[in-house]
Each structure stands twice: as structure tokens, then as C-alpha cells.
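Enquirer: what would the 3D arrangement of this be:
(one chain, ligands or ions: 2)
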Amino acid sequence: MNIEISDLHFTYPSGVQALRGISLTIEAGEQVGIVGQNGAGKTTLVRHLNGLLHPTAGEVKIGDWDTRKYSVAKLAARVGYVFQNPDDQLFSRDVRTEVAFGPKNLGYPKEQVEALVSEALEMTELADKTEANPYDLSPTWRKMVAIASVIAMDTPIVIFDEPTTGQDAASVARIANVIRVLRERGKTVITITHDIDFCAENFERVIAMSQGRILLDGKANDVLGQEEILAATYVDPPQLARLGRRLGFKETVRNEEEFLAALKNMSA
Ligand SMILES: Nc1ncnc2c1ncn2[C@@H]1O[C@H](COP(=O)(O)OP(=O)(O)O)[C@@H](O)[C@H]1O
Ligand SMILES: [Mg+2]
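Expert: Numbers count the residues shown, from 1 in each chain. Ligands and ions are numbered 1, 2, ... in the order given. Okay, here's the model as predicted:
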């Protein structure tokens, strides 16, 4: 299911012009990282995908659905959105009920709901916390509950808004694993992140935003190699890319494998 955004503008009632002409196609199964400084419009953009916000001008289509013509409840069958702050998302008294809410609400049969919930709990390593009240869990595990409750809905498109902010290394690895599994299942994954290393390691395509516009959009290596342009949006290239540049690599490297391959090439 493709996402098609045409000349999207959005102005908040306060008068802030948060999006100033965004055009973008994201194909089914793509893995996209969105970077850019605070206030660039990243969250405003993704909130258009599940109908939480509607364009001031322009159009957003999810498959053949114009988001203006479908309710948030309807769009929930196509687009899952993991909020940046789990406290804005969670409301149930125990983890299992929370995770089951979405798929139940979409009207899936009971057996399917149970299978989706078990699988989501397994993927997020929450299987031993199903009876816990989400509010008694650490912020790290509350984040996993928020993720589980979205992936249990089995939507073709999944959006993560700053998933790694405030998470420890184990949790970041867990989130990367969830994204890997979603990729293997052919889901479209769109992730807003400040963590440029996380972005480089997990996404093939990277979009850099600044002041309500798209500054760069392309293969992660190409985008993350544009040091001067990224500097304008206060995004540093990944550490390995910077180190590679200082070592004189011709190519921009994104991860350890590419770094080691380039190093080998140099000494060959
Ligand atoms: N609810 C809101 N009401 C008014 N202005 C907002 C609201 N949310 C965000 N903004 C403003 O819109 C712009 C884009 O914000 P946002 O989409 O949250 O950026 P990002 O996610 O890239 O940090 C910023 O100037 C921000 O202050
Ligand atoms: Mg944001």
C-alpha cells in the first residue's frame, strides 16, 4: 500500500506554518528514517498519515484513501502510529488488555486477536509482564507496551515517533529487532529519529526535514553523506561516516559492515 503526499501544507490554528509544501511517495514495504531539528515538522507530517491532522492544502493518500474522507478509526486499519510519549497512548490497567485493544477494535475474530497479541508480546519481550499495570512499568517497558499495542494491529504501515529517545542500549536493540521483523514481513516502516546512528543502521532511505520542507530524500548513504546540508538542519552524520571520511574513504559508510569493507578496500 503506497503513501502519496502531494504539496502538503499545514498551519496550526495558532498560525504556525508547520508544513510548507511536502510532496512524497513512499512505496509499500519501504523503510524510511526521518531526521531534522526540533520543530522541523516531522511529527506534524506523520500525524497526517493516520488522519490525526488534515491538510490545510494539498493531499495525503494512504493507498486509494484520501485521509480527509476517512476517520482516524478507519485509517487505524492501515496506519499504526507509536506516539513519542507512551503516556499519551496507554490507558488500560494491564498490559494484555492494552495490547488487545487495537486488534479487537478493528473487529478481528477472537482467535486472530489472541494470535496477534501473543505475537506482539513475544516480539517486544513482554510475555512475562502481561498482568502488569503499564503505569507500574519503567519508561523503557512502557515504550515496549506502546509498540506492542500498535504492532498487534497488524497494519501494513507502522510509524514510530522518536522510539529510541530516553531508551537504554538493550531497549534500542529490542526496538531495532522489532523494526527488522516488520521489514521481513513486508511492512512499510517510517521512523522519526534524533539518533542518527540508529537511523544509519536501520533504514535504507532517509528524509531530512527543515522548517516544514524536505531538504534531502534518498538512499541513506547519500543523504547522510551530505555533511554541509545536514549541518543546516543540525543533524550530524553518523559517527562511522565521519570517521570514514577522516580516514579518506571515498564512499559514505553507514554501519560496521560497510566500514570494515571500506577499510579492507583501502589496505588492499
Ligand atoms: N499543537 C500545536 N499547536 C501549535 N503549534 C504546534 C503544535 N505542535 C507543533 N507545533 C509547531 O509546529 C512546528 C513543527 O512541530 P513538530 O511537527 O512537532 O516538529 P518536530 O516533530 O520536527 O520536532 C513547530 O514550530 C512547533 O512549535
Ligand atoms: Mg516531533
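
Enquirer: list phi and psi for the nearest residue to Asp195 once chain neighbours are set aside.
Expert: Leaving aside its sequence neighbours, Asp195 sits nearest to Thr164 (Cβ to Cβ, 6 or more residues apart in numbering; 4.9 Å). The C-beta positions use only the backbone N, C-alpha and C, and glycine is treated the same way. Backbone dihedrals for Thr164, given as degrees, to the nearest 10, come out at phi -100, psi 0.

Enquirer: how about the contacts made by Thr164?
Expert: Remark: with contacts taken as Cβ atoms under 8 Å, 6 or more residues apart in numbering, Thr164 is in contact with 171-172, 175, 193-195, 198.

Enquirer: reformat those as JSON lines; add secondary structure.
Expert: Converted to JSON lines, these look like this (DSSP: H, G, I helix; E, B strand; the rest coil):
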{"residue": "Ser171", "secondary structure": "helix"}
{"residue": "Val172", "secondary structure": "helix"}
{"residue": "Ile175", "secondary structure": "helix"}
{"residue": "Thr193", "secondary structure": "coil"}
{"residue": "His194", "secondary structure": "coil"}
{"residue": "Asp195", "secondary structure": "coil"}
{"residue": "Phe198", "secondary structure": "helix"}
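
Enquirer: point out the least confident one among the residues you listed.
Expert: Within the set of these, pLDDT is lowest for His194 (82).

Enquirer: that one: neighbour count?
Expert: Neighbours of His194 under the rule other Cβ atoms under 10 Å: 16.

Enquirer: ok, Lys110 next?
Expert: Count around Lys110 with other Cβ under 10 Å applied: 10.

Enquirer: for Phe249, same thing?
Expert: Using other Cβ under 10 Å, the number of residues around Phe249 comes to 19.
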